[in-house]
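S.K.: starting from these lines, generate the structure:
(chains A, B, C and D)
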Protein chains: 2
Amino acid sequence: MSMGRPLAYDPEKALDAAMQVFWSRGYEATTLQDLLQAMGLSKSSFYQAFGGKKELFLRCIARYREKIGQGLIELLGNSGSAREFIERMLLNSAAEARRPNEARRGCLLMNTATECAQKDGDIAGEVSSGFDGLHALLCRAVRRGQEEGAITREVEAEALAGYLISSLGGIKTVVKSGADEQRVRDIVAVTLRALG
Amino acid sequence: MSMGRPLAYDPEKALDAAMQVFWSRGYEATTLQDLLQAMGLSKSSFYQAFGGKKELFLRCIARYREKIGQGLIELLGNSGSAREFIERMLLNSAAEARRPNEARRGCLLMNTATECAQKDGDIAGEVSSGFDGLHALLCRAVRRGQEEGAITREVEAEALAGYLISSLGGIKTVVKSGADEQRVRDIVAVTLRALG
DNA sequence: CCATTTCTGGACCAGAAGGTCCATAACTTC
DNA sequence: GAAGTTATGGACCTTCTGGTCCAGAAATGG
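M.R.: Here you go, the predicted structure:
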């Protein structure tokens, strides 16, 4: 078995670079050129390795999903309580309002849900999986919060988790619309009221 | 003063048609062809009357803003109380989850905030105006709700109005991600808890 | 019925889109 | 070092992009 010519680039890094581009620019607005440049490879290598724009995008979403999951688990670990974790998660989104308008990228998953989920079934599936993963994770956090007594038991954990995802999406949208940080922090404060 | 050749199309209808296309497909994914076909005019008429894709888009957003404002004012008038109005507004968004995936268009304003507000200052301005208008309208509704005793006075009306916009955006996003109606109704129920 | 004004169809454009192909380069194994 | 395998650069292709231009059509007032 021969190995053939070795890759001239790092597939992992290339994928990450592509993810960043899609995240910043959105799917439609991202051109092949943008991707090739950011990934540092030539057209033929691109098609050989990733198949095409859409296939690459699907892999980027999957990767983003993993990353975001890890990030949240880490945040949960670093938080003193589940309630604190939730608060910090929302405030992190609010903090994006400190950046200049062009740097407010939001969440790749939410952006994609808004931009593409209606047009392409494959992408919709990947987005849906992402939301499900997020929901499962938040469910666990909410349950812990309920056990700790910091979150109401009047509402099912599933419903509260759904509410948190929705709130997150709303906050991202408001930030993108150009709101300043204080306004978003106010929204976070009201959002937390619903947790009882 | 001579009048010249009359228009072969209805400018209002053409604008509405364009708005529908942008609403369904998003800005980037909409091509000139799509627009010309939906509007029923030729390229030269298009450029003469509307200037270009982006200029038309700005006008469509402005128009959407008006329409949505009127719609909400009407809903407010048809509602027995401000609280009921808010509830109905959120449930209307939830009801979109009854439609097939491809028909979940969301809100043009929110979609545009997500897709374009980072890339183009003019569009960002239009979006921002739209959010401000919505905020002002909801502020009034919240104040009425507070006077009626159905909404907490512990939180400023401005903050609650911001929260409602955010919630609306979140719900639209969740619907786009493919959630079923019951899940969204649960989110609405939790959302309303924060109003106290 | 002519001058003027305005609108319209379609030809035309340069550039960019995503994608394919192939000759060649760079490895490994024997 | 030859054979086998894989990766690369770049030429090439088709289709479509948003946009311009102009000759002529359709109305007006005089």
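S.K.: can you classify the closest residue to DNA strand D within chain A by secondary structure?
M.R.: When scored by Cβ to the nearest atom of the strand, chain A has residue A:4 as its residue closest to DNA strand D, at 2.0 Å. Placement of C-beta: from N, CA and C, glycine included. With DSSP: H, G, I helix; E, B strand; the rest coil as the basis, residue A:4 sits in coil.
S.K.: report the contact partners of residue A:92.
M.R.: residue A:75 (Cβ atoms under 8 Å, 6 or more residues apart in numbering or on different chains).
S.K.: how does it look with 10 Å?
M.R.: A:71-72, A:75, A:168, A:171, A:188 (Cβ atoms under 10 Å, 6 or more residues apart in numbering or on different chains).
S.K.: could you tell me which ones among those residues also sit near chain B?
M.R.: A:168, A:171, A:188 (Cβ under 10 Å from any Cβ of the partner chain).
S.K.: residue A:75: neighbour count?
M.R.: Residues near residue A:75, counting by other Cβ atoms under 10 Å in any protein chain shown, number 16.
S.K.: coming back round to it: which ones among the contacts of residue A:92 are found in helices?
M.R.: A:71-72, A:75, A:168, A:171, A:188 (DSSP state H).
S.K.: only the buried subset of the residues you listed, as a ChimeraX command please.
M.R.: Selection of buried members from those for ChimeraX, criterion 16 or more other Cβ atoms under 10 Å in any protein chain shown:
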select /A:72,75,168,171,188
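S.K.: quick check, nearest of the ones in helices among the contacts of residue A:92 to residue A:9?
M.R.: residue A:71 (25.4 Å; Cβ to Cβ).
S.K.: that closest one and DNA strand C: what is the separation?
M.R.: 29 Å (Cβ to the nearest atom of the strand, to the nearest Å).
S.K.: next: residue A:60.
M.R.: On the measure of Cβ to the nearest atom of the strand, residue A:60 and DNA strand C end up 14 Å apart.
S.K.: please apply the same query to residue A:155.
M.R.: Counting by Cβ to the nearest atom of the strand, the gap from residue A:155 to DNA strand C is 44 Å.
S.K.: what distance do you get for the residue nearest to that residue when sequence neighbours are not counted to residue A:159?
M.R.: Nearest residue to residue A:155, sequence neighbours excluded (Cβ to Cβ, 6 or more residues apart in numbering or on different chains): residue B:190, at 5.9 Å. Residue B:190 sits at a distance of 6 Å from residue A:159 (criterion: Cβ to Cβ, to the nearest Å).
S.K.: neighbour count winner among these two?
M.R.: Neighbour tally, residue B:190 and residue A:159, criterion other Cβ under 10 Å: the higher count belongs to residue B:190, 25 against 18.
S.K.: these two touch, right, the more buried one and residue A:194?
M.R.: Yes: look at residue B:190 against residue A:194 with Cβ atoms under 10 Å: they come within range, at 5.2 Å.
S.K.: who touches both of the two?
M.R.: Here residue B:190 and residue A:194 have A:152, A:155, A:160, A:163-164, A:167, B:167 as joint contacts, going by Cβ under 10 Å, 6+ apart.
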